[in-house]
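Undergrad: Quick one, structure for this:
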Amino acid sequence: MLALSAQHLQTGRLLDMELKHLIEGELEALASRYREVGVSGLVAPGGESIAREARGVVYILAGANGERLAGNIETWPPAAREKVVTTLPIAVRTAAGLQKVTVDGEALRLTSEARLFVGHRADSRIVLDRKYWASMAAAVAVTALLSLALGWLASRRGLRFVQDAAAAGDRFLSGNLQERLRVSRRRDEFDRLAEVVNACFEEIERMIGSLRAATDGLAHDLKTPLTRIKARIELSLLRGESGDDALLAETAEDLESMLQLIDGLLELARADAITAASFEPSDLASIVQDAVDLYGPLAEEQGRRMEVRLLPAPVDGLRPLLLHLAANLIDNAIKHSPTGAAIVVETSAVDGVARLTVADRGPGIAPELRDVARRRFSRLDESRSTPGSGLGLALVDTVARVHGGKLVLSDNRPGLLAEVIFKRPAS
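TA: Purely as a prediction, here's the structure:
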């Protein structure tokens, strides 16, 4: 409405200027003829008015008392004004007789005894106004209908998304952890929101799965040492023995394994609670060197060789957690490498992305079991006869994830190649 009104206003101003020039030009022409030859100059042969109807121009030459002396206007319009174009209803003589029309006209006093009024038919302006208002009404109506239709469609899609999300959330809360929102090909804001919600669902599913696995693994790992401790105590009571050094040593060993398990759980809890706000710039090579210095004597004692190639690798993170990550990878490599095998530890940085690689020559991990090996309390030895809590790679994976990185396990042919890629560039 504002745009059409502004356009109409500008068009009206332009037409008013052209109309004023036309009327003033006609006034000047008729006034010149009157000054040259008098009243007869404004009357055609035969007594008719000068033919100007083709241009829509009407006029009247009136005397001092308002009587018509010449022209095709029947009577002098009382509301006519000089030097101002006004819109007036008048009666015009035509071939068909008197006709009531509306004109835009201006008056001019020629002498004390004569006045001239020239007007232009306002039919075209009236039609233009009518067409303008009709066009505006049609445009506003069409725009309103289209806006309502598009608004309804947009709101329906938004409401449908909210309804779908609410229904999916209800099903998810009911236990269907595989529930996800549908993502269309439009790639709009709703799809972006659906992707974020799906990522939240996936993270919750991962955490619940991890919790279930942790609960199950914790039950198995604590049940065995507790059962052994209980059996030793009962056996000692049956035998009437007290202060058995062997019993106390074995009990202390079982308690130590349980404490290590609890310490691992606490480390995992701390790692999960870490935020990027507490990170500090560090050099991954320096951190890994500390881990190598710590585990180097152990590897040498067990007959393993360590080949270390450390290049500067800037990262943002917590040094204690990163040291624990590197230590776990090196400790795993030492445990599973055969005597005399080499353990290769490397750090590097490419395009600001830091990498830590630990390669061993042990049995490795089958491709279908690599995801399982990252789970908490997951043990590839299902009998759980080998020492360990199953938290080593789980802790590495968690520390890598909170630092914006990723743990990748692959085949070293033979052995395992564990690579941590920190995808978040250092500040």
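Undergrad: When you work out contacts or count neighbours from here on, use the C-alpha atoms and nothing else.
TA: Fine.
Undergrad: Need the mean per-residue confidence for stretch 102-115.
TA: Averaging pLDDT along stretch 102-115 gives 89.
Undergrad: buried stuff in that stretch?
TA: Across stretch 102-115, burial judged by 16 or more other CA atoms under 10 Å covers T102, V103, D104, G105, E106, A107, L108, R109, A114, R115.
Undergrad: Nearest to R374 among those residues?
TA: Using CA to CA, D104 comes nearest to R374 of the buried residues of stretch 102-115, at 91.5 Å.
Undergrad: these two touch, right, that closest one and A80?
TA: No: the criterion here is CA atoms under 8 Å, and D104 misses it with A80 at 9.7 Å.
Undergrad: Please enumerate the shared neighbours of these two.
TA: By CA atoms under 8 Å, 6 or more residues apart in numbering, D104 and A80 have these common neighbours: T86, L88.
Undergrad: For T86, give its distance to L395.
TA: 92 Å (CA to CA, to the nearest Å).
Undergrad: These two - which one has more neighbours?
TA: A direct count of neighbours by other CA atoms under 10 Å for T86 and L395 places L395 higher, at 26 against 15.
Undergrad: Just the pLDDT at the more buried one, thanks.
TA: For L395, the model assigns a pLDDT of 82.
Undergrad: My guess is it contacts L323. True?
TA: No: contact criterion CA under 8 Å: L395 and L323 do not qualify, at 11.6 Å.
Undergrad: how many neighbours does E195 have?
TA: Neighbourhood size, E195 [other CA under 10 Å]: 17.
Undergrad: What helices and strands are in contact with the host helix or strand of it?
TA: Here E195 is covered by helix 189-239, with elements defined by DSSP states H and E. With contacts taken as 3 or more CA pairs under 8 Å, 6 or more residues apart in numbering; DSSP states H and E, helix 189-239 sits against helix 245-273.
Undergrad: Okay, and V58 sits in which element?
TA: strand 57-63.
Undergrad: Would you mind pulling the contact partners of that strand?
TA: Here strand 57-63 makes contact (CA under 8 Å, 6+ apart) with 52, 68-76, 92, 113-121.
Undergrad: From those residues, which land in strands?
TA: If you go by DSSP state E, the contacts of strand 57-63 have 68-71, 92, 114-121 in strands.
Undergrad: farthest pair in the residues you listed?
TA: Every pair of the ones in strands among the contacts of strand 57-63 checked by CA to CA; the farthest is A114 and R121, at 23.0 Å.
Undergrad: Show the pLDDT at G63.
TA: On pLDDT, G63 comes in at 88.
Undergrad: Dig out what it forms beta bridges with.
TA: When assigned by DSSP bridges, G63 has beta-bridge partners A114.
Undergrad: Could you check the angle the helix or strand hosting S155 makes with helix 189-239?
TA: Assigning secondary structure by DSSP H and E places S155 in helix 123-173. Angle, helix 123-173 to helix 189-239, by axes from the mean of the first three to the mean of the last three CA atoms, to 10 degrees: 10 degrees.
Undergrad: Identify the residues contacting stretch 359-374?
TA: Outside stretch 359-374, the residues within contact range by CA under 8 Å, 6+ apart are 333-334, 336-338, 341-345, 378-380, 390, 393-394, 397, 409-418.
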